[in-house]
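Asker: sequence plus the predicted model coming up.
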Amino acid sequence: MRAGRGAPAIAVLGCYGAVGRSVVRRLREAGTGPLRLGGRDLDRVRALIGTGPGGPAGAEAATGGGVTGAAATGAGGMEAGAGADEAVAVDLRDAAALAAFCEGCHVVVNCAGPSSRILDTVARAALAAGAHYVDVAGDAAVRDRLTAAGLPAGSAGRVDAGLVVVLSAGMMPGLSALLPRHLAGQGFDRVDRLTAHVGGVDRFTPAAALDYVASLSDGYATPLAAWRGHQVIPRASRPRRGVELPHFPGRVNAYPYLSAEAERLARSLGFAEVEWSSVFDGELTLAALARLHDLDADTAAGELVRTSRLEAFGRTPYFQMVFRMEGEAAGRPVTRTLVARAADSYELSAAVAVLAAGAVLRGLVRPGLHDAADVLDAGAVFQALLDDPAVTRLEVVDGVAPAAEVEEGVL
């Protein structure tokens, strides 16, 4: 690693996006720094870097600086207050700028999107600069490209011995495997069946919408499939409209699918059956999904952004993950349910990304290529979320509890 003394501990790319802003806030709250923050729009990076502890304003207040937000501009377009975080203008299409952004950092956290188009671009730049890498997204396609480049999964790679790459360090994939792993350890001798309902009233960002559209055709997920009899069964399920689901308010719509992550989870924990559905609390977004196959990717993503915003208008947003697990303990059948709720999915992604970056920074992850769910301790993640103010509900209950109400109101 080519990071010297005083170098930024963590560089956050895409720092002013929905996930990136939360990652920066959480890193500052944890006292991690200094940070290097990057994005295409330097004014937006500057605006972020001047807020909260660790930004130029906070640093100058501590040192008696006379001009709030004053910064020095250095090589590569980097700006920093004395002893403060750095602001960097970086475009992913500019290889030299991306290399300069990664140079000298201990860990690069990629919050930029869409992941389906960025692929391994940032990962390669980070590794070439001698930095560890954490990706909030980055699933099978990124893994395959890095493996082909000589970084075998779970072991030290030939790209640069001793470096760590952690992919899928977000809400899904990531937390969507960690929470079921935690639940499986709550008094089960054997687990047989998992039913997952994930969603609510949540806005798509443009990048998230593009990734969602890509996931429908890039092998990440198989629509309407389920895991039954220890194998994938295509078209085993059908969408359900206007259904009442435990822990969701009122009637919602459920769209079933089986992701590659859910399949890996089923194999590793030994489930005979897994049923997984996206939940849409409203009709507009689900109706838009039905029209996507007639549209190009950019138009389809724009439609998802538009309809999700209309769906959320005048309502209290929420994002919820409900995992019901059935199995056996002491020879008797057991059913337990884990419920996690936050104001939006982006806070959950940021929470996992920061936990992964912290683990890498502390040397708790062995060198090589990993998924976050394979290297983070599921129980420790659950405990961290219990203490997280952005998580409004997190609990494990016996059986299947009745629906939990979510307040509706004008924003």
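Answerer: Yes, it's here.

Asker: gap between the residue most central in space within the chain and A373?
Answerer: By C-alpha atoms, centre = their mean, the chain has its centre lying nearest to G170, at 1.7 Å. Distance, G170 to A373, by C-beta to C-beta, to the nearest Å: 11 Å. Where C-beta positions appear, they are placed from N, C-alpha and C, glycine not excepted.

Asker: G270 too?
Answerer: With distances taken as C-beta to C-beta, G270 is found 16 Å from A373.

Asker: check what pLDDT the closest residue to the residue nearest to the centre of the chain other than its chain neighbours gets.
Answerer: Of all residues not flanking G170 in the chain, S349 sits nearest, at 3.7 Å (C-beta to C-beta, 6 or more residues apart in numbering). S349 carries a pLDDT value of 97.

Asker: again, but for A62
Answerer: With respect to pLDDT, A62 scores 27.

Asker: quick one on the thing from earlier: the residue nearest to G170 contacts P173, doesn't it?
Answerer: No: taking contacts as C-beta atoms under 8 Å, S349 lies outside contact range of P173: 10.3 Å.

Asker: hey, where'd the strands end up in the stretch 301-411 of the chain?
Answerer: 318-329, 332-342, 368-371, 391-398 (DSSP state E, counting those that start in this stretch).

Asker: quick one on the thing from earlier: more neighbours: G270 and A373, which one.
Answerer: Higher neighbour count among G270 and A373: A373, with 26 against 12, using other C-beta atoms under 10 Å.

Asker: skipping adjacent residues, who's closest to that one in space?
Answerer: Using C-beta to C-beta, 6+ apart, the nearest residue to A373 is A177, at 3.8 Å.

Asker: I'd guess that neighbour is in a helix, am I close?
Answerer: Yes: using DSSP: H, G, I helix; E, B strand; the rest coil, the secondary structure at A177 is a helix.

Asker: that one and A372, how far apart?
Answerer: Going from A177 to A372 by C-beta to C-beta gives 8 Å.

Asker: joint contacts of the two?
Answerer: Common neighbours of A177 and A372, counting by C-beta atoms under 8 Å, 6 or more residues apart in numbering, are absent.

Asker: those two: who's more crowded?
Answerer: A372 (27 against 24).

Asker: hey, where'd the helices end up in the stretch 151-300 of the chain?
Answerer: All helices of the stretch 151-300 of the chain, identified by DSSP state H, counting those that start in this stretch, fall at 175-184, 206-215, 260-269, 284-291, 297-312.

Asker: ok, now how distant is the residue nearest to G170 from A149?
Answerer: 26 Å.

Asker: compare neighbour counts for those two and give me the winner.
Answerer: Comparing S349 with A149 by other C-beta under 10 Å, the one with more neighbours is S349, at 26 against 15.

Asker: enumerate every residue touching the more buried one.
Answerer: With C-beta under 8 Å, 6+ apart, S349 has these contacts: V19, S22, V136, G170, M171, G174, L175.

Asker: now with 7 Å?
Answerer: When contacts are counted by C-beta atoms under 7 Å, 6 or more residues apart in numbering, S349 touches V19, V136, G170, M171.

Asker: the third one bridge partners, please.
Answerer: Bridge pairing for G170 (DSSP bridges) gives the partners G174.

Asker: which pLDDT value goes with it?
Answerer: For G170, pLDDT reads 97.

Asker: please begin residue numbering at 34 from this point
Answerer: Renumbered: residue one is now 34, and that last one reads G203.

Asker: now do the contacts for it.
Answerer: Contact analysis of G203 by C-beta under 7 Å, 6+ apart lists V169, A170, S382, V385, A386.

Asker: you'd agree the second one is up against R150?
Answerer: In other words, A170. No: under the criterion of C-beta atoms under 7 Å, A170 makes no contact with R150, lying 10.8 Å away.

Asker: which stretches of the stretch 134-283 of the chain have low pLDDT?
Answerer: 183-194, 251-252 (pLDDT under 70).

Asker: quick one: the strands in it?
Answerer: Under DSSP E, counting those that start in this stretch, the stretch 134-283 of the chain gives strands at 140-143, 165-168, 197-200, 223-234, 254-256, 259-261, 264-266, 273-277.

Asker: helices and strands around the third one, which ones?
Answerer: With contacts defined as 3 or more C-beta pairs under 7 Å, 6 or more residues apart in numbering; DSSP states H and E, strand 197-200 has these neighbours: strand 165-168, helix 173-181, helix 378-394, strand 401-404.

Asker: thinking again about what came up before, need the winner for burial among the helices of the stretch 184-333 of the chain.
Answerer: Among the helices of the stretch 184-333 of the chain, ranked by average contacts under mean count of other C-beta atoms under 10 Å, first place goes to helix 208-217 (a mean of 24).

Asker: contacts only, for G360.
Answerer: Contacts of G360 (C-beta under 7 Å, 6+ apart): F221, R223, V224, D225, V367.

Asker: let's see that with 8 Å instead.
Answerer: Taking C-beta under 8 Å, 6+ apart, we find G360 in contact with A217, F221, D222, R223, V224, D225, R226, P366, V367.

Asker: and the fourth one, how many neighbours does it have?
Answerer: Burial of R223, expressed as a neighbour count using other C-beta under 10 Å, amounts to 13.

Asker: correct me if wrong: it contacts A363.
Answerer: No: counting by C-beta under 8 Å, R223 does not reach A363; the two are 10.7 Å apart.

Asker: done for today, thanks.
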